[in-house]
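**Student:** Take this sequence and fold it.
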Amino acid sequence: MDGDGMNKSTGGLACENGPVTGQGAGILPEPELHDGQVSNLAKLAVSPEIIRVLPAEFVKRHGILPFEIGNGTIRIAASAPGNQRVIDDIRLLSGLEVEEFEAPAAEIAAKISECYSVTVEKMIENLDPAKTNGEVKNLHDIEVMANEPTVVNLVNLIIATALRERASDIHLVPFENTLQLRYRVDGLLQENPPPPKHLHAALVSRIKIMADMNIAERFMPQDGHIQINHRGARVDIRVGTMPTIYGESLVMRLLEKNSKVSTAEELGLDAKRSKMLSALVEKPHGLFLTTGPTGSGKTTTLYSILQSIYTPELKILTIEDPVEYELPGVAQIPVRPSRNFTFATGLRAILRQDPDVVMVGEIRDSETAEIAIRAALTGHQVFSTLHTNDATGAVTRLIDMGVEAFLIASSLEGVLAQRLVRKICPSCRVETAVASILRDKIEALSGRRIDGVFYTGKGCEECRNTGYRGRIGIFELLSLTPELKEMILQKRSNAELKSTAQKSMMTMHQDALQKAAAGITSLEEILRVSSGDLQE
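**Tutor:** Numbers count the residues shown, from 1 in each chain. The predicted structure is shown next:
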């Protein structure tokens with residue numbers, strides 16, 4: 001390190017549990033030590049032997065980092081050196097003299113996290129093949145193995161890592177020779193180092209045990225539920241299994257119950273349309289729908305709406321599958337298909353509870369649609385979701401379900417269609433020149449020339465080098481005017497309804513382009529999400 005006889009730290013890996021950093025062949029640049037300070041702490045190579053000298057809990061509690069040992073002395077980085085009690089404890093624990101160097105607290109914390117935290121990758125790497133070798137077929141052996149500390153800890157670590165990475169889903173899928181582990185972050189799946197294939201049955205069984213599912217049933221789909229506490233927040237995990245030719249595929253949906261419900265502006269609506277939305281949802285009766293594909297944030301938007309209209313004078317009831325977030329003052333009811341408690345049967349029961357406002361998680365069939373619409377016509381405010389590509393498509397979808405056009409025209413007040421796009425990471429956002437092929441594709445979708453400054457994310461540690469962090473909605477808000485209601489009564493086509501609606505409605509594609517011009521998202525992201533169905 002410097003020429004004072006101290007032993008140099010092991011080069012190559014930043015630390016035993018951390019990733020390889022630096023350039024070239026993996027040899028890390030030496031940090032600089034001068035005037036009692038250490039700089040370039042992120043580039044410091046700390047050997048596994050040094051990490052083991054002091055307990056991880058001690059290091060984290062005091063915010064100190066041991067980084068070198070030599071000549072009977074241990075060198076320590078500290079943000080506030082000079083704490084004699086800590087120095088004495090280090091002497092006692094290590095049996096060495098202590099030399100302190102000052103470094104920023106944030107850099108020390110990051111390096112401690114890198115060196116002392118166990119990762120899924122490291123745990124998988126350290127699994128002893130001799131103890132786990134060979135696919136286990138016997139049910140009793142699988143159950144025993146599912147309760148082995150190695151499997152228990154690996155499952156816990158997989159879930160904890162997903163929560164730390166802000167993942168919405170965990171996918172565990174078997175193939176002939178591999179077991180694929182992926183997290184869905186900001187709407188896209190990200191592949192992770194796979195667990196050993198021979199642990200597949202044990203991992204699935206461990207998760208089934210946690211979800212109170214039948215571990216003996218491996219040839220039929222199953223659903224289960226896990227509830228855990230993570231950093232003071234309650235997390236509900238929906239578990240679903242599906243048999244494949246190579247074993248059971250498993251998906252876990254992560255729902256943080258204590259998450260704050262966003263306002264319309266935070267979701268991505270501009271001030272003008274937020275005001276228009278408020279006017280639509282504050283009507284004393286009628287049907288309001290949010291539409292879009294699975295995972296487009298429809299239910300989150302409905303939660304935001306319910307939160308905005310809640311007053312103690314209103315009785316608000318919801319029926320959902322499942323209840324994703326808990327809303328204060330709102331009675332929320334989960335459907336239970338296994339007991340024949342569906343949206344339709346639940347909605348009938350809810351209407352006998354004298355509600356003012358009803359939210360139906362999803363209109364899936366004609367029976368639920370009929371009941372929801374008749375509830376809206378009899379003085380109730382009803383909110384629900386539909387799977388359609390655009391706002392006017394909600395009308396044709398209801399007609400396809402068998403709902404009479406006059407019922408739709410009489411009850412439907414508004415539709416909010418939406419998608420989610422990834423936001424450019426603010427830490428690495430830069431202006432970018434638009435490639436001609438991208439410009440041509442966007443202009444073909446929008447039917448207009450694309451001008452102005454646009455942005456992209458270079459990729460950094462904050463966004464895991466993706467260039468994006470978080471998501472925001474793009475919307476089109478349709479208010480059912482007398483003209484549109486007359487067209488519905490005449491059973492006009494969706495194309496005609498859309499053409500009339502767009503005279504006074506900002507489309508999702510227009511909203512997306514505005515957000516791209518503002519540096520919130522990128523043109524590449526708009527093209528990825530649009531897939532041709534956001535055309536004007």
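**Student:** The host helix or strand of S499 packs against which elements?
**Tutor:** Using DSSP states H and E, the element containing S499 is helix 494-501. For helix 494-501, the elements it packs on are helix 393-400, helix 482-489, judged by 3 or more C-beta pairs under 8 Å, 6 or more residues apart in numbering; DSSP states H and E. In short, each C-beta sits where N, CA and C put it, glycine included.
**Student:** ok, and what's touching that helix?
**Tutor:** With contact meaning C-beta atoms under 8 Å, 6 or more residues apart in numbering, helix 494-501 is reached by D390, A391, T392, G393, V395, T396, L478, E483, L484, M487, I488.
**Student:** Any chance of TSV for those, columns neighbour count, pLDDT and distance to A405?
**Tutor:** Putting the contacts of helix 494-501 into TSV (neighbours: other C-beta atoms under 10 Å; pLDDT from 0 to 100; distance: C-beta to C-beta, whole Å) gives the following:
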residue	neighbour count	pLDDT	distance to A405
D390	22	93	19
A391	29	95	17
T392	29	95	14
G393	22	95	15
V395	30	96	8
T396	18	94	10
L478	27	97	16
E483	11	96	15
L484	20	96	12
M487	21	96	10
I488	22	96	6
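**Student:** what's the closest of these to E404?
**Tutor:** Taking C-beta to C-beta as the measure, E404 lies nearest I488 of these, at 10.4 Å.
**Student:** Tell me how far the closest one lies from S499.
**Tutor:** 14 Å (C-beta to C-beta, to the nearest Å).
**Student:** what do you get for P149?
**Tutor:** Look at P149 and S499: by C-beta to C-beta, they are 64 Å apart.
**Student:** Who has more neighbours out of the two?
**Tutor:** In this view P149 and S499 are compared by other C-beta atoms under 10 Å, and S499 has more residues nearby, 12 against 7.
**Student:** mind checking how far the more buried one is from G402?
**Tutor:** For S499, the distance to G402 - C-beta to C-beta - is 26 Å.
**Student:** how about the helices in the stretch 401-536 of the chain?
**Tutor:** For the stretch 401-536 of the chain, helices defined by DSSP state H, counting those that start in this stretch occupy the ranges 405-411, 436-446, 482-489, 494-501, 508-517, 523-530.
**Student:** which one of these has the lowest average pLDDT?
**Tutor:** Lowest mean pLDDT within the helices of the stretch 401-536 of the chain: helix 436-446, a mean of 82.
**Student:** counting contacts, what elements does that helix pack onto?
**Tutor:** Against helix 436-446 (3+ C-beta pairs under 8 Å, 6+ apart) you get helix 508-517, helix 523-530.
**Student:** Mind exporting the C-alpha coordinates of it to PDB?
**Tutor:** C-alpha atoms of helix 436-446 as PDB (Å, rounded to 0.1, in the frame of the first residue of the first chain):
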ATOM      1  CA  SER A 436     -33.200   8.400 -36.800                       C
ATOM      2  CA  ILE A 437     -34.700   4.900 -36.700                       C
ATOM      3  CA  LEU A 438     -36.200   5.500 -33.300                       C
ATOM      4  CA  ARG A 439     -37.500   8.900 -34.400                       C
ATOM      5  CA  ASP A 440     -39.100   7.300 -37.400                       C
ATOM      6  CA  LYS A 441     -40.900   4.700 -35.300                       C
ATOM      7  CA  ILE A 442     -42.200   7.200 -32.800                       C
ATOM      8  CA  GLU A 443     -43.400   9.600 -35.500                       C
ATOM      9  CA  ALA A 444     -45.100   6.700 -37.200                       C
ATOM     10  CA  LEU A 445     -47.000   5.900 -34.000                       C
ATOM     11  CA  SER A 446     -47.900   9.500 -33.200                       C
END
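**Student:** what about S479, distance to L489?
**Tutor:** 17 Å.
**Student:** I'd say K197 and Q180 touch.
**Tutor:** No. K197 sits out of contact with Q180 when judged by C-beta atoms under 8 Å, with a separation of 9.9 Å.
**Student:** where does the stretch 51-200 of the chain dip in pLDDT?
**Tutor:** 117-145 (pLDDT under 70).
**Student:** quick one: the helices in it?
**Tutor:** Here the stretch 51-200 of the chain has its helices, by DSSP H, counting those that start in this stretch, at 56-62, 84-94, 105-116, 120-126, 129-132, 139-146, 149-164, 200-210.
**Student:** could you give the angle of the last one to helix 149-164?
**Tutor:** An angle of 70 degrees separates the directions of helix 200-210 and helix 149-164 when computed by axes from the mean of the first three to the mean of the last three C-alpha atoms, to 10 degrees.
**Student:** Now name the helix or strand holding I50.
**Tutor:** Assigned by DSSP H and E, I50 falls in helix 48-51.
**Student:** Burial check on L92, number of neighbours?
**Tutor:** L92: 8 neighbours (other C-beta under 10 Å).
**Student:** what sits against T291?
**Tutor:** Per C-beta under 8 Å, 6+ apart, neighbours of T291: 298, 385-391, 393-394, 415-418.
**Student:** could those be laid out in a markdown table, adding distance to E99?
**Tutor:** Converted to a markdown table, the contacts of T291 look like this (distance: C-beta to C-beta, whole Å):
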| residue | distance to E99 |
| --- | --- |
| K298 | 59 |
| T385 | 63 |
| L386 | 67 |
| H387 | 64 |
| T388 | 67 |
| N389 | 66 |
| D390 | 67 |
| A391 | 67 |
| G393 | 70 |
| A394 | 70 |
| V415 | 68 |
| L416 | 63 |
| A417 | 64 |
| Q418 | 58 |
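**Student:** Out of these, which sit inside strands?
**Tutor:** T385, L386, V415, L416, A417, Q418 (DSSP state E).
**Student:** Look up how far I424 lies from the second one.
**Tutor:** When distances are taken as C-beta to C-beta, L386 and I424 turn out to be 30 Å apart.
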